[in-house]
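Colleague: what follows is a protein structure lacking sequence information:
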């Protein structure tokens, strides 16, 4: 009986820890950006879809399938992101927002009260 309770507890804990993604809002220059799949926090980092996030910054994406590497460029600012740096959700690569944003010169802040990522793009990023 005791083993059954311990096993049930382990299964419950596994289910709880397996579903740790929290869906969050993302704002770029005060405008809410919608993503499919949704932006989310996993393991303390905020992630959003690679291509849609890059487009929100006005950046271009080049994907190297052999190296499993994306190079995202906006003007002369570029950031390489490996597939292993992101997470896969619904067969899409989601990338860490802070890494991408700051590499392209944006200010990235976590709004704990609003459960949102707020990104302020520098003037050269104005869309």
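Modeller: Right, received. Where do you want to start? Computed from a predicted model, the values in this text were never measured in an experiment. Residues are numbered from 1 along each chain as shown.
Colleague: can you get me a residue count around residue 104?
Modeller: Using other C-beta atoms under 10 Å, residue 104 has 24 neighbouring residues. All C-beta spots, glycine's among them, are computed from the backbone N, C-alpha and C.
Colleague: go on, residue 90?
Modeller: When neighbours are counted by other C-beta under 10 Å, residue 90 registers 9.
Colleague: where does pLDDT dip in this structure?
Modeller: Applying pLDDT under 70 to the predicted model, the residue ranges of the chain that meet it are 1-19, 123-127.
Colleague: mind listing the strands for it?
Modeller: When assigned using DSSP state E, the strands of the chain occupy the ranges 22-23, 25-28, 31-33, 40-42, 45-49, 60-64, 69-74, 77-82, 87-89, 92-96, 107-111, 116-120.
Colleague: leaving out chain neighbours, which residue sits closest to the most centrally placed residue in the chain?
Modeller: What sits nearest the mean C-alpha location of the chain, by C-alpha atoms, centre = their mean, is residue 47, with 1.1 Å. Counting by C-beta to C-beta, 6 or more residues apart in numbering, residue 47 lies nearest to residue 94, which is 3.8 Å off, once chain neighbours are set aside.
Colleague: rewinding a little: from the strands of the chain, which stretch is densest packed?
Modeller: Mean neighbour counts were taken over those using mean count of other C-beta atoms under 10 Å, and the top value, a mean of 23, falls to strand 45-49.
Colleague: strand partners (parallel or antiparallel) of that one?
Modeller: Using DSSP bridges, the neighbouring strands of strand 45-49 in the sheet come out as strand 40-42 (antiparallel), strand 92-96 (antiparallel).
Colleague: could you dump these into TSV with distance to residue 86 added?
Modeller: Putting these into TSV (distance: least, C-beta to C-beta, whole Å) gives the following:
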stretch	distance to residue 86
strand 40-42	10
strand 92-96	5
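Colleague: which of those strands sits closest to residue 119?
Modeller: Nearest to residue 119, of all the strands paired with strand 45-49, is strand 92-96, at 12.5 Å by C-beta to C-beta.
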